[in-house]
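1. here is a sequence with its predicted model. Questions after.
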Amino acid sequence: MKLTPKQQLLVILSEECGELIQMCQKILRRGCVDLDDKDEDYYIKFVEELGDVYTMINLMHEWDIVSWDDLEKRAEYKLEKLKKWSDLI
């Protein structure tokens, strides 16, 4: 079965998210490798996987699947939740 372009975007996005999840788990499993060390192999691979997801998000926007406004609204909502439930903000 041939996938439509939007189906391809969803498939590739999900694959890239899975690869990013795996990389995060590997970093944590190996003792929280210092992500401040830009020369560390794990940092380099992490940035590659994060960049792949970022690319797919950009393509989702280019194909008019999501708008930057909707993503920004969601980001604001998430930041408010993090203020309540996390020490990150």
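-> Perfect, thanks for sending it. The structure displayed is predicted, hence computed values, not measured ones.
2. ok now the helix or strand containing residue 8, how far from the chain's centre?
-> Per DSSP states H and E, residue 8 falls inside helix 5-29. In terms of C-alpha atoms, centre = their mean, to the nearest Å, the centre of helix 5-29 is set 8 Å apart from its chain centre.
3. neighbouring contacts of that helix?
-> 3, 33, 35, 42, 45-46, 49-50, 52-53, 55-57, 59-60, 63, 65 (C-beta atoms under 8 Å, 6 or more residues apart in numbering). C-beta here means a position set from N, CA and C on the backbone, and glycine is covered the same way.
4. just the element for the residue positioned nearest the centre of the chain, please.
-> Central residue of the chain (C-alpha atoms, centre = their mean): residue 53, 4.6 Å from the mean position. Per DSSP H and E, residue 53 falls inside helix 41-62.
5. identify each buried residue in that helix, please.
-> Buried positions in helix 41-62, judged by neighbour count with 16 or more other C-beta atoms under 10 Å: 42-43, 46, 49, 52-53, 56-57, 60.
6. ditto for stretch 12-21
-> Going by neighbour count (16+ other C-beta under 10 Å), the buried part of stretch 12-21 is 13, 16, 19-20.
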